[in-house]
Structures are given as C-alpha cells and as structure tokens.
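Enquirer: no sequence on this one, just coordinates:
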C-alpha cells in the first residue's frame with residue numbers, strides 16, 4: 001500500500017514537473033515573440049514609408065478610394081462627358097454642347113417614359129411599405145430574440161440571391177398561373193414589389209426596434225387607446241425608417257432594367273429599357289448618356305428630398321419626445 005502511494009506521488013510529481021516545464025517553455029516563447037515584434041517594429045520605425053504612414057488613416061482607406069475612383073467616379077465622369085461632347089465639322093475635333101439634352105426634353109415619348117418610370121417606382125414603394133410595415137412591427141414586438149433573428153434571416157436571405165434568378169422564377173410563376181398578366185403594368189409593379197420589399201422592411205424594423213417604448217407605456221397608462229398610441233407615437237417614431245425605405249425602393253425600382261425586361265415582356269418601355277437600347281442596340285451612345293445623366297440627377301434630387309424629410313422628422317421627433325418626457329416627469 002505504501003509502495004503504491006509512493007508510485008502515485010512520484011507520478012504526480014512528474015506530471016507537475018512536466019506541466020511546469022511546459023509553462024516555462026511557453027513563457028520563454030512568449031518572451032521571444034515579444035522581443036521579435038519589438039525588433040520588427042524598431043526596424044520598420046527606421047523606414048521612411050512607415051514613419052510617413054504612422055498615425056494616419058489613409059493607408060487603410062486607400063483601397064476603398066481606389067475602388068470608388070475606378071468603379072464609380074470614372075464611369076460617372078465618362079457618361080457626363082459623352083452627354084456633353086459631340087463631334088464638330090472635323091471628325092477629330094469635339095465641342096461641348098447641350099444639344100443632346102435639348103433633344104431629350106423635346107422628345108415627348110422619352111419624357112413620358114421617364115414619368116411612368118417614377119410613377120411605377122413610387123407605386124411599388126407604397127406597396128412595399130404597406131406589406132413590409134406590419135412584418136417589421138411584428139419582428140420588433142417579438143419577445144424571443146432567437147425567433148426575431150430567424151425571421152430577420154428569412155427576410156434578408158433573398159438579398160443574397162441573384163436578381164436575375166428571382167425575376168426568372170417570378171416570370172415562370174406568371175407563365176403558369178397568369179400568362180396574360182405578363183407585359184402589363186401590374187406585372188411590373190408586382191415584380192418591383194417582390195424584388196425590393198426586403199429593402200423596405202430592413203430600415204423600418206431598425207426604426208421600430210430602436211424606438212422608446214416607455215413613452216408608449218406611459219401613454220397607455222394615461223388612458224390612450226392602442227390605435228391612438230400607434231399613430232401618435234409608434235408610427236411617428238418610425239417615420240425616418242419609412243422615408244428611408246421609400247427612398248431605397250424608389251431608387252432601385254426607378255433604375256431597374258431586369259424587372260422591366262422580363263416582366264414587361266417587351267411590351268412596355270420604361271426609361272431603363274430606352275437607355276439600354278441607345279447604349280447597346282443603337283448607335284447614339286451620347287444620347288443614351290444624356291438620358292442617364294438626367295435620370296441620375298432625378299435620383300440625386302430624390303435622395304436630397306428624402307434626407308431633408310428624414311432630418312426634419314428626427315429633429316421634430318426628438319423635440320416632441322423631450323417635451324413628452326418633461327410632461328411625464330411633471331406628472
């Protein structure tokens with residue numbers, strides 16, 4: 001018995017010794033790694049490039065600026081140049097002219113198509129808000145965070161799928177159930193609503209989930225009905241998200257080409273199909289660029305209007321909530 005206890009004690013001492021050795025080796029390795037890092041930093045500190053970039057953010061932002069210049073700024077500038085420049089008498093000479101824009105605004109068919117494009121996009125935005133707001137409200141009221149996250153995943157999952165695949169799937173469904181509806185305004189609006197409703201639910205849910213629920217509870221305690229509480233507090237607090245949702249859907253629907261091509265069935269020409277015809281099917285690239293510039297200007301104007309109303313609602317809402325909080329405090 002004593003011999004077994006002695007063997008156990010020896011084994012235990014050996015395990016402790018091995019553990020201590022391993023810890024010491026790990027400690028020595030950490031010290032060596034730290035010393036190596038210090039040596040590398042010291043070596044880099046002597047270089048001009050390291051000292052030039054030290055403490056500055058531009059090395060991190062440089063790839064972003066390169067991508068933005070290559071994929072956004074250069075294409076936009078080239079389109080603007082094509083819309084303003086036209087050949088003069090000599091084929092090798094060019095002059096700046098607004099002739100393409102004058103021609104565009106005199107073309108009633110194109111201007112009507114542009115108006116119809118904005119109208120269809122606006123109607124699709126309203127449908128997205130009407131259908132998406134209850135879903136966002138239900139998600140924000142869920143007590144189970146796991147269930148809310150799973151529902152959020154289901155809603156955002158279509159964003160990961162190719163737009164072309166989704167449109168082809170919707171077109172196939174129309175061919176099976178209602179083939180006569182293809183090529184109509186209803187098919188295009190349904191297609192836009194189906195494609196862009198996740199972009200409406202997302203900002204509305206964010207606004208509803210971050211709202212102040214204590215004000216709603218205080219209003220209910222003071223005798224307000226659920227109907228009045230919703231329209232007076234809940235809906236008002238979610239207005240920045242609603243405006244953002246309208247803007248996101250409106251901009252994407254107004255510039256969507258695939259939905260118009262496949263759901264319009266070649267019978268309805270909106271501004272995107274007209275631009276595509278001038279760019280790829282016709283020979284007047286400059287006129288297509290002029291139409292693109294006007295459409296981009298309209299989109300930019302819509303963004304500015306949306307930003308204005310969003311800021312207005314946020315400031316007004318913050319003041320209203322502050323006044324409400326002061327009144328509740330006095331009570």
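Expert: Sure, I can see it. Not measured: the values here are computed from a predicted model. Residues are numbered from 1 along each chain as shown.

Enquirer: can you pull out the helices in the stretch 51-200 of the chain?
Expert: 58-68, 74-84, 99-106, 108-141, 145-156, 163-177, 185-209 (DSSP state H, counting those that start in this stretch).

Enquirer: Show the average pLDDT along the first one.
Expert: When you say that, I think you mean helix 58-68. In this model, helix 58-68 carries a mean pLDDT of 79.

Enquirer: Now do that helix and helix 74-84, the angle between them.
Expert: 40 degrees (axes from the mean of the first three to the mean of the last three CA atoms, to 10 degrees).

Enquirer: same thing with the longest one?
Expert: With the same axes, to 10 degrees defining the directions, helix 108-141 sits at 160 degrees from helix 74-84.

Enquirer: Now helix 108-141: buried residues?
Expert: Neighbour counts over helix 108-141 (16 or more other CB atoms under 10 Å) mark 110, 113-114, 116-118, 120-125, 127-129, 132-133, 135-137, 139-140 as buried. In short, each C-beta sits where N, CA and C put it, glycine included.

Enquirer: The fifth one too?
Expert: Residues of helix 145-156 classed as buried: 148, 151, 152, 155 (neighbour count, 16+ other CB under 10 Å).

Enquirer: for stretch 298-305, same thing?
Expert: 298, 299, 302.

Enquirer: quick one, what contacts the second one?
Expert: Translated: residue 299. Contacts for residue 299 (CB atoms under 8 Å, 6 or more residues apart in numbering) come out as 251, 254, 255.

Enquirer: let's see 6 Å
Expert: Applying CB atoms under 6 Å, 6 or more residues apart in numbering to residue 299 gives the contacts residue 251.

Enquirer: how near is it to residue 187?
Expert: 24 Å (CB to CB, to the nearest Å).

Enquirer: Measure how buried the nearest residue to residue 252 once chain neighbours are set aside is and give me the count.
Expert: Spatially, and ignoring its direct neighbours in sequence, residue 252 is nearest to residue 196 (5.2 Å; CB to CB, 6 or more residues apart in numbering). Using other CB atoms under 10 Å, residue 196 has 27 neighbouring residues.

Enquirer: Correct me if wrong: residue 196 contacts residue 249.
Expert: Yes: counting by CB atoms under 6 Å, residue 196 does reach residue 249; the two are 4.5 Å apart.

Enquirer: Residue 224 and residue 215, how far apart?
Expert: From residue 224 to residue 215 the distance is 10 Å (CB to CB).

Enquirer: Looking at these two, which one has more neighbours?
Expert: When residue 224 is set against residue 215 and neighbours are counted by other CB under 10 Å, the residue ahead is residue 215, at 19 against 15.

Enquirer: Spell out the secondary structure type for the more buried one.
Expert: Under DSSP: H, G, I helix; E, B strand; the rest coil, residue 215 falls in the helix class.

Enquirer: Quick check, pLDDT for it.
Expert: Residue 215 carries a pLDDT value of 81.

Enquirer: Please work out which residues outside stretch 177-197 touch it.
Expert: By CB under 6 Å, 6+ apart, the list of residues contacting stretch 177-197 reads 120, 123-124, 127-128, 132, 170, 174, 249, 252-253, 259, 263-265, 267.

Enquirer: for it, the distance to its chain's centre please.
Expert: Centroid separation for stretch 177-197 versus its chain: 23 Å, with CA atoms, centre = their mean, to the nearest Å.

Enquirer: What of stretch 109-119?
Expert: With CA atoms, centre = their mean, you get 25 Å for stretch 109-119.

Enquirer: Need the mean per-residue confidence for that stretch.
Expert: Mean predicted lDDT for stretch 109-119 stands at 88.

Enquirer: who touches it?
Expert: If you take CB under 6 Å, 6+ apart as the criterion, stretch 109-119 is touched by 254, 269, 270, 271, 274.

Enquirer: looking only at pLDDT, what's the mean for stretch 154-174?
Expert: Average pLDDT, stretch 154-174: 86.

Enquirer: related to what we said a few turns ago, please identify which pair of the contacts of stretch 109-119 lies farthest apart.
Expert: Using CB to CB, the two most remote members of the contacts of stretch 109-119 are 254 and 269, lying 14.4 Å apart.
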